[in-house]
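Asks: Structure of the sequence below:
(chains A and B)
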2 protein chains.
Amino acid sequence: MLTDPALADLRALFGDRLSTQGPVLAEHGQSESLVSAGLPDAVVFPRATDEVAALARWSTTHRVPLIGWGAGTSLEGHALAVAGGVVVDFRNMAAVLEIRAEDRLVRVQPGITREALNVELRTTGLMFPVDPGANASLGGMAATRASGTTAVRYGTMRDNVRGLEVVLASGEVIRTGTGAPKSSAGYDLTALFVGSEGTLGLITELTLKLHGQPEAVMTAVAAFPSVGAAVDCVIATMQMGLTPARIEFLDTDTVTACNAYSRLSLPPAPQLLVEFHGHPAGLAEDVDRFRTLAADFGAEGLDWAERPEDRTRLWAARHSAYRAILASRPGAKAVVTDVCVPISRLAEAVEETRADIAASGIPGPILGHVGDGNFHAILLVDPASDAEIATAKALAGRMADRALRLGGTITGEHGVGFGKRPYMQAEHGEGWAVMGALKRALDPLGLMNPGKVIPD
Amino acid sequence: MLTDPALADLRALFGDRLSTQGPVLAEHGQSESLVSAGLPDAVVFPRATDEVAALARWSTTHRVPLIGWGAGTSLEGHALAVAGGVVVDFRNMAAVLEIRAEDRLVRVQPGITREALNVELRTTGLMFPVDPGANASLGGMAATRASGTTAVRYGTMRDNVRGLEVVLASGEVIRTGTGAPKSSAGYDLTALFVGSEGTLGLITELTLKLHGQPEAVMTAVAAFPSVGAAVDCVIATMQMGLTPARIEFLDTDTVTACNAYSRLSLPPAPQLLVEFHGHPAGLAEDVDRFRTLAADFGAEGLDWAERPEDRTRLWAARHSAYRAILASRPGAKAVVTDVCVPISRLAEAVEETRADIAASGIPGPILGHVGDGNFHAILLVDPASDAEIATAKALAGRMADRALRLGGTITGEHGVGFGKRPYMQAEHGEGWAVMGALKRALDPLGLMNPGKVIPD
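Replies: Numbering: from 1, shown residues only, chains lettered A, B, ... in the order given. You can find the predicted model right below:
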């Protein structure tokens, strides 16, 4: 609960852009997944960096936590107020500030979503390719080091954020990075804040790298005789040095769910959905090589979607896969897992996970950005069944353990939030305490998104 | 000076792999450039991580600084003992520990040089492409966030270090990163240590990303009617989305020096040296596009080196450019500058710099990795002339100011050391103090490479 003086001071800063109304708090107290926490004490809607800086000073004065909020699409409870406090909703800071086409850069405010950004870029010949599926905000994507389907070619947010403006816990505003393509001028503060999930400061501006819209695009979907064959085809593709723009795996359960939800008629078998971007000649060569490889692994019905509308339909189905899977068990909630392993261990990781899920008795379709070694099982549980929830959480825990045993990570792209904190020690060892030391150096009072990422 | 108990304890740890002999101290008290400092008190040659960890504990006990040393090729005095202390020479930790060809990763010790690594990789079909020119150690390259000719396609050390083992000031050993291609599990400690120049800990092992050796390589050299035309051709190349593996600019003075030193007969004019890597068909397309572009900018004698020996000769000349320039003024020493600007401001940056150098009265050939907006002026001074040294330093300072004014960085790839510290405040503002806070969090006694990178 905010004290009266704290609330009065906050109202002086934000006026009617401060809310403590039940529905607004509730909207900012829920998340996409089963992860849940209490409600925030208030929500504010800043319009400019100096307001966020004033808010940070207010937070220090009154010892009240601040939690950043983008589009609310996080899957690990990043934006939930686990210890009360004020949610900072960036919806009013969602502008494109500057498009620098000749340097392939764009400067944006944190609240803009990736789809809105790409609409603004449409006529420039450029695009921002990082695509986590959900229409997330760029600030949130940077804060969680998001990636998604296109990371295999274009990289993750780690690779595509050139610089940031950040409001620190102290209220100071720093700018990281420069307009130059590279720099060796000291510690890489940009990289430190990307993935820090709002625990080191609040991102108030981003400079992002843009990429040319591809001259030519080829999309294919191929059915494989087994999960192993599909995954081995991915491994061979990557090891051959082909660089698809996307290479997505869908297991049979996922395909079945997508067929029902998106009115497709893909064969009920493990599928790869592949896209290549490039200049026409190089592209034809890549496509030929992939076709040969896929045939070697027993792919059938390798079907290239030549028309843009067919491509759009296929990728729309992929983007709807999460909703499709949820719809496949009416009333279910999802425990969404997210592991990433070395590509050489991918087949093993997927097969073991499938067997584990099959033995558990709950549905858990698997899909993933397999060119990166990253995959998800969407564990569907009856939210009223404590037993099913416990089963799903145990499965998720074994997936994390398995990823670590195979040399991978407990989260490829969803981040830590508080859902993944129990596995951080196992992944990082003494490095986790180092993260805690860095946090204390920048936020000694622990007011920036407390309860997330770092050790208690 | 080390105290007797400190020296005795150090000898107990390192035996005859400890030296306090004059010539050994002198070897570790000099650098490639004009930057100079005092001698270290001792040099040790560890063989394993646990020895480095014991050394860090010794350092804490006796309050003696530790300074890492790779191949001694740094240009900003990174490895010099500005406040005495012990230099940690990693020449005995130079092994390839594991090649994981299927994951395109290699695990190495920090003392191995990039050339030695690539010799070990030769039969695997893979390569480590980052190429700063000098045959630097991989540990040093990571510590300085090095890049060089190939960064335009393959990225810098920021992009090519997957994980590290680091000995902290406390003597604790942490491992950063995983074998998975990506992760969002907390703060990016790998990125924090890459570019930290030994001020946060000592790197004792690296996991590096490898790339496929290109199937086909095309190299061209082209003479342009003016500096502006050559640089504009680079800008157009990058803006068109062509991705050369290297695109190097040499001004007329550099070409003349290279002709004399490497017995070439390039026309005395501004030149671009370009290389494309790829599959045969895509490559032919890239080469055609570049040929057309270069012609548009007035290139003459666009000459493709088809034979490997011709390519090798051209690139050997480029790699010898620094020596060639030094040889062009016998007895001279070099003040090597290193700025990087947004590609849109590159022509302006180079032209202004050339005019400034021309007015100064000292020679200063310009060359650079212009696809990244990165270039160097090699300012040649008579080391006995304080006036020339002052002129060169003033020119270097104006280059840094100019780079910042144009939205760039004071150092594209050479790092900060102590040579560039005076410009850090101007580049980072309050961010520089943040670097200091991070440093104090991990090295509260200030024993890891003191006097470098961060504010006093």
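Asks: Does the closest residue to A:Ser19 other than its chain neighbours have any beta-bridge partners, and if so which?
Replies: Distances taken as CB to CB, 6 or more residues apart in numbering or on different chains place A:Val43 nearest to A:Ser19, at 5.0 Å, with adjacent residues excluded. C-betas here are computed from N, CA, C, even on glycine. Here A:Val43 sits in beta bridges with A:Ser19, A:Val87, as judged by DSSP bridges.
Asks: Check the gap between A:Val43 and chain B for me.
Replies: According to CB to the nearest CB, to the nearest Å, A:Val43 stands 25 Å off from chain B.
Asks: Quick check: that residue touching A:Asp89?
Replies: Yes: A:Val43 lies in contact with A:Asp89 (CB atoms under 8 Å); the separation is 5.5 Å.
Asks: intersection of neighbour lists for these two?
Replies: Contact criterion CB atoms under 8 Å, 6 or more residues apart in numbering or on different chains; residues shared by A:Val43 and A:Asp89: A:His28, A:Trp69.
Asks: what sits against the residue nearest to A:Ser19?
Replies: With contact set as CB under 8 Å, 6+ apart, A:Val43 has these partners: A:Leu18, A:Ser19, A:Thr20, A:Val24, A:Leu25, A:His28, A:Trp69, A:Val86, A:Val87, A:Val88, A:Asp89.
Asks: Of those, which is the most crowded?
Replies: A:Val88 (31 neighbours; other CB atoms under 10 Å in any protein chain shown).
Asks: Bridged to A:Arg100, which residues?
Replies: Here A:Arg100, judged by DSSP bridges, has bridge partners A:Leu105.
Asks: That one: what's it in contact with?
Replies: A:Val106, A:Arg107, A:Gly179, B:Pro342, B:Ser344.
Asks: Show me which positions of the helix or strand that contains A:Thr219 end up buried.
Replies: Taking DSSP states H and E as the definition, A:Thr219 sits inside strand A:216-223. With burial defined by 16 or more other CB atoms under 10 Å in any protein chain shown, the residues of strand A:216-223 counted as buried are A:Val217, A:Met218, A:Thr219, A:Ala220, A:Val221, A:Ala222, A:Ala223.
Asks: go on, stretch A:307-323?
Replies: Of the residues in stretch A:307-323, A:Arg311, A:Arg313, A:Leu314, A:Trp315, A:Ala317, A:Arg318, A:His319, A:Ser320, A:Ala321, A:Tyr322 count as buried by neighbour count, 16+ other CB under 10 Å.
Asks: Touching that stretch from outside, list them.
Replies: The contact list for stretch A:307-323 (CB under 8 Å, 6+ apart) reads A:133, A:149, A:217, A:219, A:221, A:246, A:248, A:250, A:254, A:257-258, A:261-262, A:264, A:273, A:275, A:305, A:324, A:334, A:336, A:367, A:378.
Asks: how about that stretch as PDB, C-alpha atoms only?
Replies: Extracted in PDB, the C-alpha atoms of stretch A:307-323 (Å, rounded to 0.1, in the frame of the first residue of the first chain):
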ATOM      1  CA  ARG A 307       2.500 -16.800 -53.600                       C
ATOM      2  CA  PRO A 308       2.700 -14.200 -50.900                       C
ATOM      3  CA  GLU A 309      -0.800 -15.000 -49.700                       C
ATOM      4  CA  ASP A 310       0.100 -18.700 -49.200                       C
ATOM      5  CA  ARG A 311       3.200 -17.700 -47.300                       C
ATOM      6  CA  THR A 312       1.300 -15.300 -45.100                       C
ATOM      7  CA  ARG A 313      -1.300 -18.000 -44.400                       C
ATOM      8  CA  LEU A 314       1.400 -20.500 -43.300                       C
ATOM      9  CA  TRP A 315       3.200 -18.100 -41.100                       C
ATOM     10  CA  ALA A 316      -0.100 -16.800 -39.600                       C
ATOM     11  CA  ALA A 317      -0.800 -20.400 -38.700                       C
ATOM     12  CA  ARG A 318       2.600 -20.700 -37.100                       C
ATOM     13  CA  HIS A 319       2.000 -17.400 -35.100                       C
ATOM     14  CA  SER A 320      -1.300 -18.700 -34.000                       C
ATOM     15  CA  ALA A 321       0.100 -22.000 -32.800                       C
ATOM     16  CA  TYR A 322       0.000 -21.100 -29.200                       C
ATOM     17  CA  ARG A 323      -3.700 -20.100 -29.400                       C
END
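Asks: on that earlier part again, inside strands: which ones of the contacts of A:Arg100?
Replies: A:Val106, A:Arg107 (DSSP state E).
Asks: Closest one to A:Val166 out of the contacts of A:Arg100, please.
Replies: Distances from A:Val166 to the contacts of A:Arg100, taken as CB to CB, are shortest for A:Arg107 (14.2 Å).
Asks: ok, the closest one touching A:Leu206?
Replies: Yes: under the criterion of CB under 8 Å, A:Arg107 makes contact with A:Leu206 at 7.3 Å.
Asks: Who has more neighbours out of these two?
Replies: The residue with more neighbours, out of A:Arg107 and A:Leu206, is A:Leu206; 28 against 18, by other CB under 10 Å.
Asks: From A:Leu117, how far out is that one?
Replies: 10 Å (CB to CB, to the nearest Å).
Asks: hmm, back to that, filter the buried residues of stretch A:307-323 down to the ones in helices?
Replies: Among these, DSSP state H puts A:Arg311, A:Arg313, A:Leu314, A:Trp315, A:Ala317, A:Arg318, A:His319, A:Ala321, A:Tyr322 in helices.
Asks: Show residues contacting stretch A:52-60.
Replies: With contact meaning CB under 8 Å, 6+ apart, stretch A:52-60 is reached by A:6, A:9-10, A:13, A:44, A:46, A:64-66, A:86, A:88, A:167-173, A:202, A:204, A:445, A:447.
Asks: Where strands are concerned, which of these count?
Replies: Under the assignment DSSP E, the contacts of stretch A:52-60 contribute A:Val44, A:Leu66, A:Val86, A:Val88, A:Val167, A:Val173, A:Leu202, A:Thr204 to strands.
Asks: OK, contacts around the third one?
Replies: This means A:Val86. A:Val86 makes contact with A:2, A:10, A:40-44, A:55, A:59, A:64-67, according to CB under 8 Å, 6+ apart.
Asks: tell me the pLDDT at the residue nearest to it when sequence neighbours are not counted?
Replies: Spatial nearest neighbour of A:Val86, chain neighbours left out: A:Ala42 (4.9 Å); criterion: CB to CB, 6+ apart. For A:Ala42, the model assigns a pLDDT of 98.
Asks: Does A:Ala42 touch A:Leu2 like I think?
Replies: Yes: contact criterion CB under 8 Å: A:Ala42 and A:Leu2 qualify, at 6.3 Å.
Asks: quick one: which of these two has more around it?
Replies: Remark: of A:Ala42 and A:Leu2, A:Ala42 carries more neighbours, 25 against 18, as counted by other CB under 10 Å.
Asks: Now do the contacts for that one.
Replies: Residues near A:Ala42 by CB under 8 Å, 6+ apart: A:Leu2, A:Leu7, A:Leu10, A:Leu18, A:Ser19, A:Thr20, A:Leu25, A:Val86, A:Val87.
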